[in-house]
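Peer 1: Predicted structure and sequence below. I'll ask about it afterward.
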Amino acid sequence: AEDGSAAWLRYAPVATAQYRAVPTRIVPSSDAPMERAAAEELQRGLNSMLGAHTEIAAQSASARGAAVRLVLTPGTSPEALDSYTIDTSASGIRIAANTPQAELYGVFHLLELIGAEQPLPKHEQQTAAAGIRWTDEWDNMNGTIERGYAGPSIFFENGHVRQDLARAGQYARLLASIGINGCNVNNVNADLDLLTPAHIREFARLAEVFRPWGVRLAMSIDLTSPQTVGGMSTFDPLDPAVAAWWKDKVDEIYRAIPDFGGFTVKADSEGRKGPSQYGRSPADAANVLARALAPHHGVVLYRGFVYNNHLDWNDHKADRARAGVDNFARYDGTFEDNVIIQIKEGPIDFQAREPVSPLFAALRRTNVAIELQTAQEYTGQQRHMVWLPSMWHWVLDTDLHADDRSTPVEQIVTGHSFPLANGKPRRGGFVSVTNVGMEANWLHHPMAMANLYGFGKLAWNPDQPLAQIIDRWTRLTWGNRPEVVKLITTLQLESWQVYEGYTGPNGIGTLTNILGYHFGPGIESAERNGWGQWFRGEKDGIGMDRTANGTGYIQQYPSQLAAKYESLATCPEDLLLFFHHVPYDYKLRNGKTLVQSIYDTHYSAAAQAGSYVTRWQQLHGVVDDERYEQVLRLFRFQAGHAIVWSDAINNWFQRISQIPDAQGRVGHE
Ligand code: GCW
């Protein structure tokens, strides 16, 4: 049977002709754990894909004779980004890296080229775009996962770290294979007793299974820990006793976990306590942690997701989208060097489409990382196929035009747009909320792991073409048969637009049921409550007015972009309802009215989702039966659910606008 847990590391046999010259002797750089993991991975992969009998030579083996040589040439700066080269010559293949984990990445890259039946390079050099390439897992210590859709936690059960950490180790290997170097294992809504000495000893066991794969363990912590764990009367970040408590606690963590990555912090948000309780700022809170972590080279990822979830619906100036800039911009430049503000890609919350967060352009003297969500919270919860790198690429490519120069998001989060005045290196990067579970294939839908794979690839190199990313994933996961590669890549590449098409059009935000599990349509559930995910669907029209006359949110963008969004003539129509309140018969540039365009888009997108079923059936007997059936079942579900979505939305628009469909359709039979 197919081993779903292998994901893209199946190492299925390939056509060997072009790899005849690959040597069958591996010379590792040392027998340190990561180097040994690299050599053994290489051996496993080559043997499995090429049917070879590869041996690992003693690392002191003579320089003569053809070999795959692993070479470690550490750089001088501890801040240097992971980098490797691959050279092929008559004497074999040489993989040289500046860090042990980069050596692993070089090995995985070589194996990936072979798995995807690509030619081997004469010379190739690869360097990571940024230092932070992490996943966040929203796992609770009782074993449940917030917004997890593939079974219970691979890390925790019954309030403790699991006894059996085999899955956690496998996961670290998968992460390493796509260049991910950190994993924050617990929910940002953190367990309050997380930092007890007993728990820290348990976390050390987790760090041990991550270590050979170069994945640093990180933890989400609750800012009240000095009280809840330390028994103190306050958690005021400016209280010296609180600072001392954090310092001792961090020292204790590093005694147990010498390569600990750092803390992720959610504070003053959705019921979590925070520095505002003492009239202190996010910088005060982040910095007290940062100073404790700095001597150990740890970092603080302080989340920009701070907003008031008791907004007043009747206040037309109130706007949740404003919260990021309103809460953080004024502290720019006051954060310690090892603080990174972790900003969700959009200003609201992982919708099928949002504009990019203006906070990326507002923090010029502060490290920032982008938070993306592989867990498909609002995008079908791994019951719908949605390939999110299409969206992420669009986000990363968006140019905020700060100071009227080119400052695309990818250049901001990799630290190139706003260099620090003191010449110190930037520490930004990429974080994916992933939420894998105990289900064999990690994310439930056999197509969903393409999202994690794509995240890793974009975090390593945000310029890698999407077509190449999905082509590689498909070959490694489903095999190299041309009809398989063609169909799966085509479906994945269209899937985001299809999902957006039958759910939320024109940047409206969420029509998902936000009061339940964030699954399926719940058209007005976002309205008339404090959460602020409003779209203000009224008799006269629809959309949030975020212009200068409305909430003023648009003015948070640098001026060029603000001007573009402010004017109806230039506002991109896929974001129209995010920025403007317009009548239902508003004329779009293609001549259709808004409401007719919504009807048409929903019928056609639902039909396209329906077509996945018959298109997939062409692969019957071509891919393994087990995954074939699994995908078929999910595609049938998606086809039906797309009709539910489409009819719910179209009926609602018909009722509120009182404008019938020009084609006379009244929903699906
Ligand atoms: O959108 C919300 C999710 C919460 C999550 C929160 C966050 C972990 O629905 O489940 O809490 O975002 O990102 O903190």
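Peer 2: Yes, it's here. Numbering: from 1, shown residues only.
Peer 1: Can you tell me the closest non-neighbouring residue to Q617?
Peer 2: L632 (7.2 Å; C-beta to C-beta, 6 or more residues apart in numbering). In short, each C-beta sits where N, CA and C put it, glycine included.
Peer 1: what's the answer for G65, then?
Peer 2: Here the residue nearest G65, using C-beta to C-beta, 6+ apart, is R25, at 6.8 Å.
Peer 1: per-residue confidence for that neighbour?
Peer 2: R25 carries a pLDDT value of 96.
Peer 1: isn't it right up against L70?
Peer 2: No. Taking C-beta atoms under 8 Å as the definition, R25 is not a contact partner of L70, at 11.7 Å.
Peer 1: So which of the two has more stuff around it?
Peer 2: L70 (26 against 15; other C-beta atoms under 10 Å).
Peer 1: Which of the helices or strands spans the more buried one?
Peer 2: strand 67-72 (DSSP states H and E).
Peer 1: Could you tell me which residues make contact with G45?
Peer 2: 11, 107, 111, 114-115 (C-beta atoms under 8 Å, 6 or more residues apart in numbering).
Peer 1: ditto for P78
Peer 2: P78 neighbours (C-beta under 8 Å, 6+ apart): H297.
Peer 1: same check, this time on G543
Peer 2: 506, 508, 535-536, 576-582.
Peer 1: In ChimeraX, how would I select the buried members of the residues you listed?
Peer 2: In ChimeraX, this line selects whichever of the contacts of G543 come out buried by 16 or more other C-beta atoms under 10 Å:
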select :506,508,535,536,576,577,578,579,580,581,582
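Peer 1: Present the contacts of G543 as a markdown table; the columns should include secondary structure, pLDDT and distance to the ligand.
Peer 2: Putting the contacts of G543 into a markdown table (DSSP: H, G, I helix; E, B strand; the rest coil; pLDDT from 0 to 100; distance: C-beta to the nearest ligand atom, whole Å) gives the following:
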| residue | secondary structure | pLDDT | distance to the ligand |
| --- | --- | --- | --- |
| N506 | coil | 97 | 21 |
| I508 | coil | 95 | 17 |
| F535 | coil | 97 | 16 |
| R536 | coil | 97 | 20 |
| L576 | helix | 98 | 23 |
| L577 | helix | 98 | 20 |
| F578 | helix | 98 | 17 |
| F579 | helix | 98 | 21 |
| H580 | coil | 98 | 24 |
| H581 | coil | 98 | 24 |
| V582 | strand | 98 | 27 |
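Peer 1: The helix or strand hosting Q342 and the ligand in contact?
Peer 2: Using DSSP H and E, Q342 sits in strand 339-344. No. With C-beta under 6 Å from any ligand atom as the criterion, the ligand is not reached by strand 339-344; the gap is at least 7.0 Å.
Peer 1: what lines up beside that strand in the sheet?
Peer 2: strand 299-303 (parallel), strand 367-373 (parallel) (DSSP bridges).
Peer 1: For that strand, the averaged confidence score.
Peer 2: Averaged across strand 339-344, pLDDT comes to 98.
Peer 1: Tell me the bridge partners for the closest residue to W392 other than its chain neighbours.
Peer 2: Counting by C-beta to C-beta, 6+ apart, L372 is the residue found nearest to W392 once chain neighbours are left out, at 5.5 Å. Beta-bridge pairing for L372 (DSSP bridges): S432.
Peer 1: Need the buried ones from the contacts of G45 selected in PyMOL.
Peer 2: Applying 16+ other C-beta under 10 Å to the contacts of G45, the buried members can be selected in PyMOL as follows:
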select buried, resi 11+107+111+114+115
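Peer 1: wait, which of the contacts of G45 is closest to R20?
Peer 2: Minimum distance to R20 across the contacts of G45 is 12.0 Å, recorded for I114 (C-beta to C-beta).
Peer 1: In this structure the closest one contacts T16, no?
Peer 2: No. Counting by C-beta under 8 Å, I114 stays clear of T16, with 9.1 Å between them.
Peer 1: what kind of secondary structure is the one residue in the chain that gets nearest to the ligand in?
Peer 2: Per C-beta to the nearest ligand atom, D349 is where the chain lies closest to the ligand, at 4.2 Å. For D349, the secondary-structure state derived from DSSP: H, G, I helix; E, B strand; the rest coil is coil.
Peer 1: do the one 4 residues further on as well
Peer 2: Following three-state DSSP, the label given to R353 is coil.
Peer 1: and it, what does it touch?
Peer 2: Neighbours of R353 in contact, by C-beta under 8 Å, 6+ apart: 391, 500, 504, 507, 574-575.
Peer 1: Can you flag the buried ones in these?
Peer 2: 391, 500, 504, 507, 575.
Peer 1: so what's the second one up against?
Peer 2: Spelled out, that is E500. E500 neighbours (C-beta under 8 Å, 6+ apart): 352-353, 605.
Peer 1: State the pLDDT value of it.
Peer 2: In this model, E500 is scored at 98, pLDDT.
Peer 1: Mind splitting the protein into its structural domains?
Peer 2: Following automatic domain parsing, one gets these domains for the chain: 4-126, 132-464, 479-503+583-669.
Peer 1: which one of those is the most hemmed in?
Peer 2: domain 132-464 (a mean of 21; mean count of other C-beta atoms under 10 Å).
Peer 1: out of the contacts of G543, who's nearest Q596?
Peer 2: Closest to Q596, out of all of those and judged by C-beta to C-beta, is N506, at 12.4 Å.
Peer 1: wait, that closest one sits on L576?
Peer 2: Yes. N506 lies in contact with L576 (C-beta under 8 Å); the separation is 4.6 Å.
Peer 1: intersection of neighbour lists for those two?
Peer 2: Shared contacts of N506 and L576, defined by C-beta under 8 Å, 6+ apart, are found at 543, 594.
Peer 1: what residues are up against T434?
Peer 2: Contact partners of T434, counting by C-beta under 8 Å, 6+ apart, are 135-137, 374-375, 452, 455.
Peer 1: ok, 6 Å please
Peer 2: 135, 374, 452 (C-beta atoms under 6 Å, 6 or more residues apart in numbering).
Peer 1: What separation is there between the last one and I469?
Peer 2: Look at L452 and I469: by C-beta to C-beta, to the nearest Å, they are 12 Å apart.
Peer 1: Could you do the second one as well?
Peer 2: In this view, T374 and I469 are 14 Å apart by C-beta to C-beta.
Peer 1: One more: the first one?
Peer 2: T135 sits at a distance of 17 Å from I469 (criterion: C-beta to C-beta).
Peer 1: One more: D136?
Peer 2: Counting by C-beta to C-beta - D136 and I469 are separated by 21 Å.
Peer 1: and if you look at P23?
Peer 2: Distance of P23 to I469, given as C-beta to C-beta: 29 Å.
Peer 1: same check, this time on S604
Peer 2: Taking C-beta to C-beta, one finds S604 at 26 Å from I469.
Peer 1: ok, now T434?
Peer 2: From T434 to I469 the distance is 17 Å (C-beta to C-beta).
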